[in-house]
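*Asks:* starting from these lines, generate the structure:
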Amino acid sequence: MDERQVAAYLQASGAEQVIHVDEQDRELGVVSRADAQSQGLITRCTFIFVFNSRGELCVHQRTAHKRLYPSFWDVAAGGVVAAGESYLLGAERELAEELGVVGAPLTEHFRFFFNSAESQLWAGVFSCCWDGPLTLQPEEVQAVRWVDPRSDWQRPGEQYAPDSQEALARLLRQF
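*Replies:* Numbers count the residues shown, from 1 in each chain. Next up, the predicted model:
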């Protein structure tokens with residue numbers, strides 16, 4: 001993507017209307033994504049763990065222009081739940097947008113509150129099995145690989161998004 005395309009993508013992303021919630025996940029209203037970010041508001045998001053039939057997890061590298069965790073590796077597809085969406089609808093949309101996965105049945109596992117210096121969010125955690133092709137969204141994903149999530153798969157020198165890492169740790173404790 002050239003600079004003009006990045007600027008247009010960031011402007012459109014910031015204008016997106018999202019759900020503002022409190023620490024108990026009660027809806028407080030609808031705000032722009034840019035306002036939510038600048039004011040440190042709590043929003044809803046999804047994490048979708050994509051496994052293949054061999055039990056490998058799809059991890060992807062975020063693009064360098066992402067506001068949060070640029071160029072970090074992420075263990076889950078997902079993103080902010082848009083105004084008017086449920087967690088499930090948001091998960092289905094994000095999975096289709098980021099990785100081109102459409103029609104894979106999603107299993108909802110749990111929800112949890114994530115609070116860090118960088119973001120506060122209520123997360124809906126989902127998983128699916130997918131052996132089909134991936135179509136990467138160039139605005140958000142620059143690379144993917146499949147890993148055994150129960151092995152020592154993280155490579156030295158790479159950084160990983162802490163919110164999805166927390167979601168994965170919680171998910172793996174359930175199995």
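*Asks:* element containing Ala123, please.
*Replies:* Assessed by DSSP states H and E, Ala123 sits inside strand 120-129.
*Asks:* what's the following helix or strand after that strand?
*Replies:* Next along from strand 120-129, by DSSP H and E: strand 141-147.
*Asks:* tell me the contacts of Thr43?
*Replies:* Thr43 makes contact with Val18, Ile19, His20, Val21, Arg33, Ala36, Val80, Val81, Gln120, Leu121, Trp122 under the criterion CB atoms under 8 Å, 6 or more residues apart in numbering. For every residue, glycine as well, the C-beta is placed using N, CA and C.
*Asks:* the first one: what secondary structure?
*Replies:* The three-state assignment at Val18 reads strand, by DSSP: H, G, I helix; E, B strand; the rest coil.
*Asks:* likewise for Arg93?
*Replies:* helix.
*Asks:* what of the one 3 residues further on?
*Replies:* Judged by three-state DSSP, the three-state class of Ala96 is helix.
*Asks:* returning to what we had before: so which bits of the strand holding Ala123 are buried?
*Replies:* Neighbour counts over strand 120-129 (16 or more other CB atoms under 10 Å) mark Gln120, Leu121, Trp122, Ala123, Gly124, Val125, Phe126, Ser127, Cys128 as buried.
*Asks:* using PDB, list the CA coordinates for that strand.
*Replies:* Coordinates of each C-alpha in strand 120-129 appear next as PDB, following Å, rounded to 0.1, in the frame of the first residue of the first chain:
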ATOM      1  CA  GLN A 120      -9.400  -1.700  27.400                       C
ATOM      2  CA  LEU A 121     -11.800  -4.100  25.800                       C
ATOM      3  CA  TRP A 122     -14.400  -6.700  26.300                       C
ATOM      4  CA  ALA A 123     -13.500  -9.700  24.200                       C
ATOM      5  CA  GLY A 124     -15.600 -12.500  22.700                       C
ATOM      6  CA  VAL A 125     -13.400 -15.500  22.100                       C
ATOM      7  CA  PHE A 126     -14.200 -17.900  19.200                       C
ATOM      8  CA  SER A 127     -12.500 -20.600  17.300                       C
ATOM      9  CA  CYS A 128     -13.000 -22.500  14.000                       C
ATOM     10  CA  CYS A 129     -11.400 -25.200  11.900                       C
END
